[in-house]
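> show me how the following folds:
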Amino acid sequence: MMPQQMVAAAVLVLGAAGGAVAGQDEKFQLTDTVYQQKSLYRNILVVEGEGYRCMKFGRFHARQTCIQIGQPQRLVLNYTKGLLAALYLAEQAPRRVLILGLGGGVMPMALRMLDADMEIDTVELDPAVVKVAQSHFSYQEDARLRTHVQDARVFVRQQQRRGNQYDLVLIDAFDRDYIPEHLLTREFLQQVRSLLTPTGVLAANTFAAGALARHEAATYQAVFDQLYQLDMDGGNRILLARRDARPSLPDVQRYAQAWDKRLALFRLLSADLLPRLALQPRAVGVKVLTDQYSPSNLLLP
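Next up is the predicted model:
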């Protein structure tokens, strides 16, 4: 249990291969189901092919997590690469990380490789997902990397009551087929914002097109005002915000270049990601999602 008034740094990010952000890593076929487990929430599949291993929630669902077997520093899915751009908005390296949504644990393990001293908290509703991440995706806890098996909104409220704060928060709890609607409302994002330090950064993996994208933008803007967006191939976009003043594009470019040496571990270059970064256009005439109005799943593409 974290003590009162602990200042935490929450990060949600992944890396990309230089020159490969445009989607080359995702072009492989999965032919063999090597493990299957039904939990209270979903049918978890581990599938392999062409040297890759992925987690899926059902045979016809999108890939949740993928790794290249034997190459833990290779971050495969495009959205995970884009999430690393959260670091480009940070004035200094985060000291603790909060990740809402575990999947195969690729992101916390990448952050552990990036900084062995970083404090990382992951929150995952399904204990079966945690077990599969450990058994098939090399997810390992340690003294500074903890897993909390509970609802993400409950966890956020607990940290809010304790006065805890984070430097960087990552939300990666959605997929193309289902959204926990209570994690995409103005009230929830207000709670998340209250956990951020004054220069704290939020990064969220969201959708790039369709009606839901406009409602997402309006909801995030209602809480964080100005946002950056990073469009990634595969239908994902990353929304990036800071609790207080949004850094200017020149500042973002300067921070990003400072990260290039460290992120070379993942073969990620700011020159690959920054051309995709832009201000999120203002959502006009679009209803904000709230605890009283949250038809997110009806808005899916």
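
> roughly how far out does the helix or strand that contains V34 sit from the chain middle?
For V34, the enclosing helix or strand under DSSP states H and E is strand 32-38. Chain-centre distance of strand 32-38: 24 Å, with Cα atoms, centre = their mean, to the nearest Å.

> so after that strand, what's the next helix or strand?
Later in the chain than strand 32-38, the nearest helix or strand by DSSP H and E is strand 43-49.

> tell me the angle that next one makes with strand 32-38.
170 degrees (axes from the mean of the first three to the mean of the last three Cα atoms, to 10 degrees).

> now the residue nearest the centre of the chain. Nearest residue, chain neighbours left out?
Closest to where the C-alpha atoms of the chain average out (Cα atoms, centre = their mean) is D172, at 3.8 Å. Nearest residue to D172 in three dimensions, chain neighbours excluded: G101, at 4.1 Å (Cβ to Cβ, 6 or more residues apart in numbering). Placement of C-beta: from N, CA and C, glycine included.

> buried set for stretch 121-128?
121-126, 128 (16 or more other Cβ atoms under 10 Å).

> number of nearby residues for the residue nearest to T65 when sequence neighbours are not counted?
Once flanking residues are discounted, T65 sits nearest to G104: 3.1 Å by Cβ to Cβ, 6+ apart. The tally of other residues near G104 (other Cβ atoms under 10 Å) stands at 24.

> would you say G104 is within a strand?
No: using DSSP: H, G, I helix; E, B strand; the rest coil, the assignment for G104 is coil, not a strand.

> what about it, distance to S138?
Distance, G104 to S138, using Cβ to Cβ, to the nearest Å: 9 Å.

> L239 now?
Using Cβ to Cβ, one gets 29 Å for the distance from L239 to S138.

> who has more neighbours, the two?
More crowded of L239 and S138, by other Cβ under 10 Å: L239, with 22 against 15.

> report pLDDT for the more buried one.
Looking at L239, its pLDDT is 96.

> spatially nearest residue to it, not counting backbone neighbours?
A204 (4.7 Å).

> that neighbour and P250, how far apart?
Distance of A204 to P250, given as Cβ to Cβ: 24 Å.

> between those two, who's got more neighbours?
Using other Cβ under 10 Å, the more surrounded residue of A204 and P250 is A204, with 26 against 8.

> pretty sure the more buried one sits against Y220.
Yes: the criterion here is Cβ atoms under 8 Å, and A204 meets it with Y220 at 7.2 Å.

> return every residue with contacts to both of those two.
Here A204 and Y220 have L239 as joint contacts, going by Cβ atoms under 8 Å, 6 or more residues apart in numbering.

> for the record, mean pLDDT for the helix or strand hosting A204?
According to DSSP H and E, A204 maps onto strand 196-207. Strand 196-207 carries an average pLDDT of 93.

> partners of that strand in the sheet?
Strand 196-207 has these partner strands in its sheet, going by DSSP bridges: strand 166-171 (parallel), strand 236-242 (antiparallel).

> mind putting those into TSV with distance to P72?
TSV is the format used below for the strands paired with strand 196-207 (distance: least, Cβ to Cβ, whole Å):
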stretch	distance to P72
strand 166-171	19
strand 236-242	22
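
> quick check: which of these is nearest to E181?
Proximity to E181 (Cβ to Cβ) singles out strand 166-171 among those, at 13.6 Å.

> do you know how far the nearest residue to F28 once chain neighbours are set aside is from L168?
Spatial nearest neighbour of F28, excluding adjacent residues (Cβ to Cβ, 6+ apart): E50 at 4.3 Å. Note on E50: its distance to L168, by Cβ to Cβ, is 33 Å.
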